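[1] okay, sequence plus prediction incoming.
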Amino acid sequence: MKLKNILPALLMACLGLSLGLTTTGCSDKFPTNVESPDKAELLGLKIINAGKNGDQVVEGVVDDFSKTISFPRIDPETDLSALKFEAKMAPGGALDKESYAVEVPEGSDRQTIIVKVVNGKHFREYFATIRLLVPVYGADFDKTKIHDYTAATLKDTHPEYNGFGGLVTRGAGMSEKWVVVPARSSVGAHVFRTEDLLTGKFDPIKLNTEGIGGGIFPINMAEVIGDHIYISNLAGALNAKVYHWTDPSKAPDLLLKFDANKIEGGGKRYFDNFSITLDEQGNGYIYTGDNAQTNILRFPVKDFTQADADACSVLSSHKGQSPYVTMLRAGNSKYYLLNGFEMPLKVTDAEGNALYTTGSTTLPVNLQSSRVVYFNGERYLIGVTAARRGEQSPVLMVYNITQGKDELEGIKILDESGQKPLLEVSLQGTTNAAPGTNTGCFVKKDKEGKDATLYLFGFHSDAGFAIAEIPAKTLDD
């Protein structure tokens, strides 16, 4: 057969097959849905053996749309290895088990299990969350409120304010009463009432700077502890000074004056940064590292107002500390936290002897002004990342160091854990040559004297500052 005769024959065959299939397909009937009386539906669920003695009944709320069951919190002494339910179901339905084992992970207050309803060949699964009536601790970082006073924000909201930018402010501090900004610009050294900033009121109050003078810059770094405001100059070797106020309208007292040339190992430039750590009685130390990165000076302070230059101690330096060294006491402990730009965090004693050096990548190597904060039964480590080069940016960071018997062990556990920050607050700044950083904190109590709100402060030169307001965790019933 020739090719021209084969093609028409094949075409006719295909057409016939197509018509046959179409006719057959149209005549077939698809299966129809047959209603079954065996409904696997949960109408209600109770825990019938809650409590220490297994005699408490707790009723849950069933959401059939989301297939979830929520219960009120139950006594933590409940036998969770054999939790029993009483279910209300469609006729013929039954639970897949007589009892259920619940294992609440350590450090958690809840666990979700699957409860299956079976009826004939049908079944339906529900997610039941069992929550324990246990105390909750710490801050609820999911409910953080940020009070943003960074330069990026202020240029739009308060363009006349020139407290930041151009490295005119190298440090700042916060207490429950004051935020202090030692600006070198025309706005001058000033404070804000913290309560004003927390309500959005931006009202800088100039500090009385009568009698201040000397140094490379008469005003450079600042710290505030309660009612006590401290500002240092940027000192050459001859005239390092620290001033003290409790009333911004009055001239300051000269807290400290010293000649570094008279100190063994001194004779250098100090107060590019400084740290003041005092207890409730106002006793503690001032620390400042030299610009040449060779040593750290320590001055004892008494009663908030007396510093002894003659009792200065010269502490050894630490490799990579940078001119922006900070050394803050870890809360009320015997430990101190030593930071330097691009130097791993070191836990030291009061003499600067290293007891532990962080070595993992958990903490950024440029984390500065590290501080330990206690709140509502938990312990946190905070700091601000210094932005000096590359893609670095200033961020206030918070980590949980509650685990461990003390602050040192808590930091070790954190260092080895790879834990992510609980909170990161961008200060929106860019890199600069003198990335001075500061942190601060205070706790508000409720009427019963319990920790109610945690306030955290982060500052970075040129970037400005922000205050994070975080409430205490509460039971979510």
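    Yep, that arrived. For clarity, every value in this text was computed on a predicted model and none was experimentally measured.

[2] got any ranges where the protein has weak pLDDT?
    Applying pLDDT under 70 to the chain flags the ranges 1-37, 265-266, 477.

[3] what helices and strands are in contact with the helix or strand that contains residue 355?
    Using DSSP states H and E, residue 355 maps to strand 354-357. Of the remaining helices and strands, those touching strand 354-357 by 3 or more CB pairs under 8 Å, 6 or more residues apart in numbering; DSSP states H and E are strand 343-348, helix 407-417. In this view, the C-beta of every residue, glycine as well, is placed from N, C-alpha and C.

[4] in that strand, what counts as buried?
    Buried residues in strand 354-357, counted by 16 or more other CB atoms under 10 Å: residue 356.

[5] that one pairs with which strands?
    Strand 354-357 has its sheet partners listed here by DSSP bridges as strand 343-348 (antiparallel).

[6] for the partner strand, C-alpha coordinates in PDB please.
    Only the C-alpha atoms of strand 343-348 are listed here, as PDB (Å, rounded to 0.1, in the frame of the first residue of the first chain):
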ATOM      1  CA  MET A 343      38.000  41.700  71.500                       C
ATOM      2  CA  PRO A 344      36.000  38.700  72.800                       C
ATOM      3  CA  LEU A 345      34.100  39.400  76.000                       C
ATOM      4  CA  LYS A 346      36.200  38.500  79.100                       C
ATOM      5  CA  VAL A 347      34.900  37.800  82.500                       C
ATOM      6  CA  THR A 348      37.400  39.100  85.000                       C
END
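
[7] now the nearest residue to residue 157 once chain neighbours are set aside, what are its backbone angles?
    With CB to CB, 6 or more residues apart in numbering as the measure, residue 202 is the residue that lies nearest to residue 157, at 7.5 Å, once sequence neighbours are left out. Backbone torsions for residue 202, taken as degrees, to the nearest 10, come to phi -110, psi 100.

[8] and residue 202, what does it touch?
    149, 154, 157-158, 161, 192, 196 (CB atoms under 8 Å, 6 or more residues apart in numbering).

[9] then residue 49?
    55-56, 78-79, 82-84.

[10] which stretches in the protein count as helices?
    3-27, 151-157, 194-198, 407-417 (DSSP state H).

[11] list the buried residues for the second one?
    Within helix 151-157, the residues that qualify as buried by neighbour count (16+ other CB under 10 Å) are 151, 154.

[12] before we move on, what about the shortest one?
    Buried residues in helix 194-198, counting neighbours by 16+ other CB under 10 Å, are found at 194, 197.

[13] give me the helices and strands touching that helix, please.
    The helices and strands touching helix 194-198, judged by 3+ CB pairs under 8 Å, 6+ apart, are strand 145-150, strand 178-182, strand 464-471.

[14] give me the contact list for that helix.
    If you take CB under 8 Å, 6+ apart as the criterion, helix 194-198 is touched by 147, 149, 174-179, 202-203, 442, 455, 467, 469.
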